[in-house]
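Colleague: Would you be able to build a 3D model of this:
(one chain, ligands or ions: 1)
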Amino acid sequence: RYPSAQTPVTIGALTLPHRVLMGSMHLNRETGDAAALAAFYAERARGGAALIITGGAAVNRVGAGSAGYTLLDDPAHLATWRVVVDAVHEAGGRIALQLFHAGRYAFESSFSLTPVAPSAVHSRFSGAMPLALDEAGIAATIDDFAAGARTAIALGFDGVEVMASEGYLLNQFASPVTNLRDDAWGGDAVRRRAFPLAVTRAVRAAIGSAPLIVRISGADLVPGSSTPEEVDALAVALAGAGADALDVGIGWHEARVPTVQSMVPHGAFTDVSARIRRALARSGAPVPVIAANRINALAQAERVLADGAADLVSMARPFLADPHIVADSFAGRQERVNVCIGCNEACIDRSFGLEPISCTVNPRAGRELEFPLAPQRPRGHRARIAVVGAGPAGMEAARAAAFAGAQVTLFEAAPAIGGQFLLAGAVPGKEDFLQTAQSFERVLDRLDVDVRCGRAVTAADLAGFAHVIIATGVLPRRVDLPGADGPNVIDYAQAFAGLAQLGARIAVIGAGGIAVDLAHLLVEGRPPDGADGSQDRDRFLIENGLRTGILSPPARQVTIMRRSGPIGAGMGMSTRWAAVQAIRRRGVRTLTGVGYHGIEPGGVRIEIDGAAELIAADVVVIAAGQTPRAQLAAQLAERGIAHTLVGGARETAGLNAVAAFEQGLRAGDAA
Ligand code: SF4
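Modeller: Now for the predicted structure:
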């Protein structure tokens, strides 16, 4: 199995047993409970990561991405890492510290310090107008990287990674967009390389022969930034300056090309790591190249390695979704893997703020001590627990309750488990959502959960259970508009289910995340049976200007609209812009500030910007929010049956899949 991935490899002085790393991810847990952080990383080491690269540790205070970053120049932060390193080593793993400086991507409010950068160029990502570093500041920053590297090795780390991608400080020096200097540190491509090279040499000198990885930006995806030739030249120069391996990141946080969203096809950017690998080979002094970005299964990693696109593969989010992804896949149990769905809601989106990260589909992530793999409670008594509804909250509640030792019956009115994930799985790029449901089917089976689909239950069916977890989800909210009960009006769930029967012109009332997803599906249509995803990759590259080609015309004419607020409100920070951009590029009309007069057989009569307009439509879809489907609670209360409401059945305001899974975990564990 996975012969390329299972081949040992060396990074400098470090021999790794295979080629799949856990990539860096800022957790917002680095300054919290050391034991919890250690448990998080140790579980991933036991799960088989060849090498773990930590989230970024700031080499100085002004370089911290936010107040949630470890500061390597603050002794108070270092004790945590000793605990982490020991725990990973005890688990049989290896761990490298990422040396980080955000530059102009530091949020100004973090430590009341003005961010620094090569030049004073405003950042749309952080909102910062940085100060240009002077000579003394540059020298001090290089020293800080070297000191941070020395500290890391003294703490017992197995190596370091220098962060020079994603638009952070070293990347800012390398780019003509953010480096406007004309001195030893900027002015042409050679001088723009000087700072990343000086940092690399200083770190190398500081750590002797310890492994040094540099994470470079393979493609900034920012207009006017470094060319592929310049990136290749930087890669070769970094290897010459002492890098033992190059980890290839893609895209800045300011880029308007999606790189980490679910809509990005798997392995979409491996051409970039392949190009850099070829450039290094031509130089005559190659070092291993690590590919990253949207690789979420060992089968994909194997393909990347077998194709020669990289020497190693880095996965960050997949290790959040399933710490055991490598061990299970190598052991032939890949069907057990809980796949990262690329939603970013509990990880990347939180990493930009201060909320501790976790994982939507694995709410245990970051809470390993709170929900240990070996349940702490005595398993002698097997309470009979019913879970009603098998959407995200119900699936997780059933899993957690069964794992904690309960005897669980899971009822679902639909023919299969998955709930809203089954709708989402139809949206272009969200096919992995279906894998979540499949993964839960298997885990529930292993835990002997009695899953009964295809019949709605009543309170009478639930007599005899010690506790009922109500996870019956939501109902589409109805709108109070003239004509809303007409034959041309359906709700979003009916639209997802009956796509083929919908006409050529669709008006959607509502423009939140579900409406945006539905619009995407309506304009792209469902992929043909047997599609292998290559069409998605071509379409993605063409849509984003990364390849020339002609796209098929949109399948339908679609308008989505709302009274107020932004299009896609409620979607995550990293996802909303990309999803809205994608549907607009495919011709979806997006209207906000709409006043509704009513629905007619020919469409929706609205007023916008003071002018009346008929949005012509064959079908009008209502996607204007949801209400809890919770009638069962009152019936159970009448009968005195103990119950807990979770997910959409409990509350729809602010609900998302992250909250639903987490509520399911807590309710199931407590039941
Ligand atoms: Fe993947 Fe979403 Fe989990 Fe992040 S929150 S690791 S993107 S499934």
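
Colleague: So what touches stretch 352-359?
Modeller: 25-29, 32, 66-68, 317, 320-321, 340, 346-347, 350-351, 364-367, 573-574, 658, 662 (CB atoms under 8 Å, 6 or more residues apart in numbering). No exception for glycine: its C-beta is placed from N, CA and C like everyone else's.

Colleague: quick one: pLDDT of the residue of the stretch 551-671 of the chain found nearest the ligand?
Modeller: Residue of the stretch 551-671 of the chain nearest the ligand, by CB to the nearest ligand atom: V658 (7.0 Å). V658 carries a pLDDT value of 96.

Colleague: Quickly find the element holding it.
Modeller: helix 657-670 (DSSP states H and E).

Colleague: From the chain's centroid, how far away is that helix?
Modeller: Here the centre of helix 657-670 is set off from its chain's centre by 19 Å, with CA atoms, centre = their mean, to the nearest Å.

Colleague: And for stretch 382-400?
Modeller: 25 Å.

Colleague: What separates the first and last residues of it, distance-wise?
Modeller: 13 Å (CA to CA, to the nearest Å).

Colleague: State the distance from whatever residue of the stretch 1-150 of the chain ends up closest to the ligand to E161.
Modeller: Closest approach between the stretch 1-150 of the chain and the ligand, counting by CB to the nearest ligand atom: M25, at 8.4 Å. Using CB to CB, to the nearest Å, we find M25 at a distance of 12 Å from E161.

Colleague: ditto for N338
Modeller: Taken as CB to CB, the span from N338 to E161 is 26 Å.

Colleague: What of R294?
Modeller: 20 Å.

Colleague: Give me the more crowded residue out of the two.
Modeller: E161 (31 against 24; other CB atoms under 10 Å).

Colleague: contacting residues around the more buried one?
Modeller: By CB under 8 Å, 6+ apart, the contact list for E161 reads S24, I53, A96, L97, Q98, L99, L212, I213, V214, R215, D247.

Colleague: So which of these sit within strands?
Modeller: Judged by DSSP state E, these include I53, A96, L97, Q98, L99, L212, I213, V214, R215, D247 as members of strands.

Colleague: In stretch 130-137, which residues are buried?
Modeller: Going by neighbour count (16 or more other CB atoms under 10 Å), the buried part of stretch 130-137 is P130, L131, A132, L133.

Colleague: How about stretch 85-101?
Modeller: 85, 87-89, 91, 93-101.

Colleague: Need the max-distance pair from the residues you listed.
Modeller: A91 and H101 (29.5 Å; CB to CB).

Colleague: dump the residue contacts of the closest residue to L655 other than its chain neighbours.
Modeller: Of all residues not flanking L655 in the chain, G648 sits nearest, at 5.4 Å (CB to CB, 6 or more residues apart in numbering). Contacts for G648 (CB under 8 Å, 6+ apart) come out as G391, A393, T472, G473, V474, Q626, P628, R629, L655, A660.

Colleague: ends of stretch 358-365, how far apart?
Modeller: 5 Å.

Colleague: my bad, stretch 419-439
Modeller: Stretch 419-439: ends 14 Å apart by CA to CA.
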